[in-house]
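Visitor: coordinates for the following, if possible.
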Amino acid sequence: MPARIPMTERQRALLLALPDTETMVVRYHGLDAEDLSAIGIARTPATRLSYALQLCCLRYPGRHLRAGELLPAIMLDHIADQVGVDAGVIADFARRTPTRYDQLAAIKARFGFADLSQPVRTSMMAWLTTEAMPIVDGRILLGRLMDELRTRRIVIPGISVVERMAAEAMLRAETDLVAAVDDTLDTEMRQRLDTLVDDKVHDRQSRFSWLREPEPRVASVSLAEILEKVALIRWTGISRVLIDPRYEPRLTQFAREGVRYTAQAFQQMRPRRRRVILLATLRELEATLTDAAIAMFGALMGRAHLRARKRLEQRVAVSGREGRDRLIRIATVLETVSRAARAGEDIGAALRDILSLDMLDADAAIIRRTAAPHRDDVLSEIAAEYRTFKRAGPQFLQALDFHGRAGTATLRNAMTVLSDLDGDWRKPLPADVPLGHVERRWQRHVVVAGKIDRTHWEMATYGALANALASGDIWVPTSRMHRSLDVLLAPSPGATLQPPFSLGDPHAWLDQRAAQLDSALRGVARNLDGRDAALFAGERLRFPKEQKGDDSGGDEGRHLTPACYGMLPATRITDVLSQVERWTGFTRHFGHVSTGLPPADERAFLATLIAEATNLGLSRMAEVCGAGSRRALLRMQTWHMREETFRAALACLTDAIHAEPIAAWFGQGHRASADGQAFYLGGPGEAGGTVNAHYGRDPVVKIYTTITDRYAPLHQTVIAGTAGEAIHALDGILGHDSNADLTALHVDGGGVSDIVFATMHLLGLDFEPRIPRLSDRRLYAFEPPKRYGRLAPLFGHRLNRDLIVNHWPDIERVIGAMRDRTVTPSLILKKLSAYRQQNSLAAALREVGRIERTLFTLRWFDDPELRRTVTAELNKGEARNSLARAVAFHRLGRFRDRGLENQQTRAAALNLVTAAIILFNCRYLGRAVEEMRHRGTAIDPTMLSRLSPLGWDRINLTGDYVWSDNLDLDANGLMPLLIKPLP
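Guide: You can find the predicted model right below:
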């Protein structure tokens with residue numbers, strides 16, 4: 001007998017539950033004229049109502065009405081109202097079992113209902129087998145089976161029967177897939193796949209485990225090792241296996257499981273299943289490693305430029321220090337020459353007396369080089385970095401299959417030349433070496449005195465390749481992040497079809513925005529004379545400084561927060577999470593990667609969550625919490641904690657925070673803000689970080705978090721310490737699963753670009769950032785600058801209307817793909833931002849963005865309320881960062897994770913725990929406010945907006961990670977407040 005579909009008992013009970021909401025009963029239990037005619041045959045009100053109830057129950061949920069079953073009141077009233085009888089008469093019918101069976105037979109005969117007999121079951125199993133292949137979640141298949149049975153008017157006999165049918169179909173589908181895929185493998189492929197789990201890299205590590213090992217350190221040897229892993233995967237021959245598209249969803253599920261299996265677990269599987277899961281896993285690993293190789297290549301090129309810049313700066317600094325001495329020597333030389341000439345002495349002898357001729361020649365050479373038309377730049381120092389690319393560069397080109405647009409033909413020819421040369425300087429450059437891809441800034445270094453400087457030509461080619469990969473002009477089909485834009489923007493085959501996305505007529509849109517832009521510019525220009533003269537000085541807009549907010553709340557505003565928090569019960573973080581779990585059930589979203597079931601041991605799971613969030617680590621947590629061994633916690637982390645499970649659980653807490661009455665005072669729930677928080681790296685993690693001078697000399701990563709104006713976290717992601725931030729804010733706005741309806745976004749300047757402005761507006765969002773050095777930004781208009789009087793010096797070029805119109809369909813496609821979640825916004829925006837100005841699509845988006853940025857700049861200048869709102873919302877994010885810092889304090893708050901995936905898990909756990917603390921505070925602060933009012937304390941409602949649910953003084957975050965078995969709770973499941981007795 002096949003296994004049952006993995007479900008909780010609650011999920012199983014709901015499958016055949018009677019409808020208990022108005023929406024459901026209206027949808028499923030409506031009666032038409034034919035139904036009422038059949039019902040009217042019954043003689044008494046009780047039999048008419050019972051007839052209607054049994055008919056409706058057969059239609060939905062599709063089963064018999066059970067004897068003595070308790071009916072939802074809303075269902076009973078809805079059906080009784082349609083029949084025209086009193087719902088109370090059902091009590092008379094409940095005692096007459098024979099009549100109920102007679103009616104049931106009559107209903108089946110009249111309306112065509114049939115039982116699930118063996119012939120019908122055989123037919124349904126054939127249908128199920130076809131349906132099951134592309135479905136990986138048995139609950140979905142079970143739902144479809146029940147819907148199909150209702151459509152065919154086949155009575156569902158009981159949940160266990162249909163559950164076994166669905167489970168059998170799922171098992172058949174998996175067996176058929178394993179057999180079909182394994183049959184496509186030849187003997188050599190099978191042997192090589194088995195070799196991956198049987199052979200060892202060294203005594204304690206299999207080849208398969210080595211393939212999954214992260215390579216965070218930026219170095220040419222790391223790139224070589226990644227490429228070696230890619231080569232090992234290709235050696236297995238999996239790229240030659242043709243996969244039926246119907247199998248893709250199940251193979252994706254196999255890959256999710258496979259990346260978590262150990263080599264020992266693979267060895268214990270049946271051979272055919274092991275090989276198919278390995279094949280699916282290797283396909284995913286190939287894409288992951290290809291992305292890692294491309295990222296490592298780009299990082300090496302970036303590091304080469306950074307090192308070259310540092311060498312140039314050091315040389316300039318040394319030259320500056322030596323310059324004064326050199327000028328003094330030259331002055332001495334000139335004085336000596338003049339004096340000797342006037343005295344008729346030997347000038348040469350006089351010069352040799354004060355300095356050597358060699359030093360004089362060196363000074364002359366330095367002066368001539370400094371005075372040359374082309375000053376030294378970063379590229380003059382780049383040749384020293386060639387040693388990194390001499391071997392790694394050709395290996396990179398030979399290992400991956402590069403494709404590109406027609407405009408990259410010259411670059412691809414140059415890549416072929418480099419691959420053929422293979423770093424061997426004994427091979428000369430071909431006579432027709434490609435030069436069309438060399439950027440202008442490289443040309444004087446590449447072509448010197450009419451000859452090709454090979455070192456600079458190779459470095460220029462590698463630099464052009466890195467830029468082309470970043471922008472999408474060149475792509476690798478086996479990559480996940482660096483595929484062609486056409487593939488990235490196309491919906492996946494199994495995706496739900498969305499209605500066509502349209503931005504409307506471009507001419508109408510441009511007319512409306514041009515009129516609004518012209519009106520706003522002329523309005524500001526007219527009002528300049530009436531404004532403070534200092535606001536327009538030096539041909540720049542000087543934005544007014546915000547006045548400090550008044551303390552209109554007086555003592556009440558200052559004392560409300562400590563008074564409320566003083567009433568909150570002191571508790572441990574463990575008990576906080578347990579209470580939040582009871583309120584929301586957020587752990588049910590952490591389904592097992594194979595079964596989909598929630599964690600069986602709640603405390604072990606919460607201990608794992610706390611260990612990740614506080615940076616304590618699983619080993620230490622297992623020692624102090626008593627909830628499970630390190631292996632038990634590791635199983636929770638491995639099988640339950642994934643990006644999609646964290647996203648669903650966070651959405652659950654976000655909705656719960658928004659539903660708290662006190663949260664309405666914090667904001668309307670329609671605004672969001674995003675901010676990056678730097679975390680230093682330590683131990684093995686240091687190699688994976690970048691140094692951002694703003695945070696010192698230690699490597700960092702940033703957690704970029706989006707929260708709503710009610711302090712509810714929406715999303716988080718880990719980005720490099722030097723990465724631009726604003727493009728990731730859209731990931732949070734478009735990628736969350738909560739019910740928050742957001743219309744405005746605030747960010748703090750990092751990474752804000754014209755393309756981001758364009759994207760936000762076209763997605764229907766008000767983008768209101770705090771832009772640093774806004775006074776230095778240009779304004780843009782469709783009309784000549786002189787039309788706007790004193791503002792004329794502030795304008796850049798005139799906006800290109802035709803450019804926007806010509807690329808409107810492409811813009812629609814990009815924006816639609818983001819809206820439909822076909823592509824991650826940050827991924828496509830990074831590619832578009834990486835384009836050079838001559839790329840027409842990127843240029844068109846920049847033009848749209850310049851319209852929106854100009855309008856925003858004028859609003860910022862004129863609207864003090866906007867400036868205050870943006871500042872207040874951004875302050876919420878910064879305050880939330882303080883809470884996150886307090887939670888993640890163990891190990892000096894330094895992340896020691898080697899891989900990005902582990903860092904993402906830690907960041908998601910930290911965000912989820914802070915959300916739980918915020919929800920806990922919201923609920924108890926609301927009770928505290930009500931208690932204060934009940935005790936006669938007058939509280940101005942406007943003062944509630946000054947409360948913040950970010951306090952943690954009453955929560956023990958450190959060290960004491962045990963659960964209270966006998967927590968003192970009231971009838972509502974809440975701990976009592978700390979209330980001083982009235983005098």
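Visitor: could you use CA atoms for every contact and neighbour count after this?
Guide: Noted.
Visitor: list the contacts of the particular helix or strand that has residue 124 in it.
Guide: In this structure, residue 124 is located in helix 118-132 according to DSSP states H and E. With contacts defined as CA atoms under 8 Å, 6 or more residues apart in numbering, helix 118-132 is touched by 141, 145, 165, 166, 169, 170, 172, 173.
Visitor: again, only this time at 7 Å
Guide: Residues outside helix 118-132 that contact it (CA atoms under 7 Å, 6 or more residues apart in numbering) are 141, 169, 170, 173.
Visitor: my guess is residue 826 meets residue 728, correct?
Guide: Yes. The pair residue 826 and residue 728 passes the contact test of CA atoms under 7 Å, sitting 5.2 Å apart.
Visitor: between those two, which one's more packed in?
Guide: Neighbour count, other CA atoms under 10 Å: between residue 826 and residue 728, residue 728 has more, with 29 against 19.
Visitor: quick check: mean pLDDT across stretch 210-230?
Guide: Stretch 210-230 carries an average pLDDT of 88.
Visitor: contacting residues for residue 182?
Guide: Going by CA under 7 Å, 6+ apart, residue 182 touches 272, 276.
Visitor: element containing it?
Guide: Using DSSP H and E, residue 182 falls within helix 159-183.
Visitor: ok, residue 334 next?
Guide: Counting by DSSP H and E, residue 334 is found in helix 271-343.
Visitor: packing partners of that helix?
Guide: Contact here means 3 or more CA pairs under 7 Å, 6 or more residues apart in numbering; DSSP states H and E; on that basis helix 271-343 packs against helix 159-183, helix 187-198, helix 220-235, helix 248-258, helix 347-354.
Visitor: okay, those helices in a markdown table with distance to residue 303 next?
Guide: Listed next are these as a markdown table, based on distance: least, CA to CA, whole Å:
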| stretch | distance to residue 303 |
| --- | --- |
| helix 159-183 | 44 |
| helix 187-198 | 34 |
| helix 220-235 | 11 |
| helix 248-258 | 34 |
| helix 347-354 | 44 |
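Visitor: burial of the residue nearest to residue 192 when sequence neighbours are not counted, as a residue count?
Guide: Spatially, and ignoring its direct neighbours in sequence, residue 192 is nearest to residue 236 (5.5 Å; CA to CA, 6 or more residues apart in numbering). Neighbour count of residue 236, defined by other CA under 10 Å: 20.
Visitor: ditto for residue 142
Guide: The tally of other residues near residue 142 (other CA under 10 Å) stands at 24.
Visitor: how about it, phi and psi?
Guide: Per-residue torsions, residue 142: phi -60, psi -40 (degrees, to the nearest 10).
Visitor: residue 483 too?
Guide: Per degrees, to the nearest 10, the backbone of residue 483 is at phi -90, psi 170.
Visitor: hey, which helix or strand in the protein has the poorest pLDDT?
Guide: Each helix and strand of the chain was given a mean pLDDT (mean pLDDT, DSSP states H and E); the minimum falls on strand 690-691 at a mean of 58.
Visitor: list the buried residues of the helix or strand following that strand.
Guide: Heading C-terminal from strand 690-691, the first helix or strand you meet, by DSSP H and E, is strand 699-708. Neighbour counts over strand 699-708 (16 or more other CA atoms under 10 Å) mark 699, 700, 701, 702, 703, 704, 705, 706, 707, 708 as buried.
Visitor: any idea what the third one is bridged to?
Guide: In other words, residue 701. residue 679, residue 720 (DSSP bridges).
Visitor: does residue 890 really touch residue 612, like I thought?
Guide: No. Using CA under 7 Å, residue 890 makes no contact with residue 612, being 10.2 Å away.
Visitor: who has more neighbours, those two?
Guide: Taking other CA under 10 Å, residue 890 and residue 612 do not tie; residue 612 has more neighbours (24 against 18).
Visitor: any idea how far the more buried one is from residue 882?
Guide: Using CA to CA, to the nearest Å, one obtains 18 Å as the distance from residue 612 to residue 882.
Visitor: what about residue 430, which SS state?
Guide: coil (DSSP: H, G, I helix; E, B strand; the rest coil).
Visitor: in TSV, list the contacts of helix 118-132 along with distance to residue 485.
Guide: Below are the contacts of helix 118-132 laid out as TSV (distance: CA to CA, whole Å):
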residue	distance to residue 485
141	34
169	38
170	35
173	34
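Visitor: let me know the closest of those to residue 617.
Guide: Of all the contacts of helix 118-132, the one sitting nearest residue 617 is residue 170; the distance, using CA to CA, is 37.9 Å.
Visitor: so for the helix or strand where residue 524 lies, mean pLDDT?
Guide: For residue 524, the element it lies in under DSSP H and E is helix 506-527. Computed over helix 506-527, the mean pLDDT rounds to 92.
Visitor: can you pull the buried residues of it?
Guide: Judged by neighbour count using 16+ other CA under 10 Å, the buried positions of helix 506-527 are 506, 510, 513, 514, 517, 518, 520, 521, 524, 525.
Visitor: let me know the closest of those residues to residue 481.
Guide: For the buried residues of helix 506-527, the residue nearest residue 481 by CA to CA is residue 506; the value is 30.6 Å.
Visitor: sec struct for the residue most central in space within the chain, please.
Guide: In the chain, the residue lying closest to the centroid (CA atoms, centre = their mean) is residue 731, at 4.9 Å. Under three-state DSSP, the three-state class of residue 731 is helix.
Visitor: repeat for residue 423
Guide: For residue 423, the assignment made with three-state DSSP gives coil.
Visitor: which stretches of the stretch 601-750 of the chain have low pLDDT?
Guide: Applying pLDDT under 70 to the stretch 601-750 of the chain flags the ranges 683-697.
Visitor: quick one: the strands in it, in order.
Guide: Ranges of strands in the stretch 601-750 of the chain, per DSSP state E, counting those that start in this stretch, are 671-680, 690-691, 699-708, 713-720, 744-747.
Visitor: show me what the first one is packed against.
Guide: If I follow you right, that is strand 671-680. Using 3+ CA pairs under 7 Å, 6+ apart: strand 671-680 touches strand 699-708, strand 744-747, helix 864-887.
Visitor: which elements pack onto the shortest one?
Guide: Judged by 3+ CA pairs under 7 Å, 6+ apart, strand 744-747 is in contact with strand 671-680, strand 766-767, helix 864-887.
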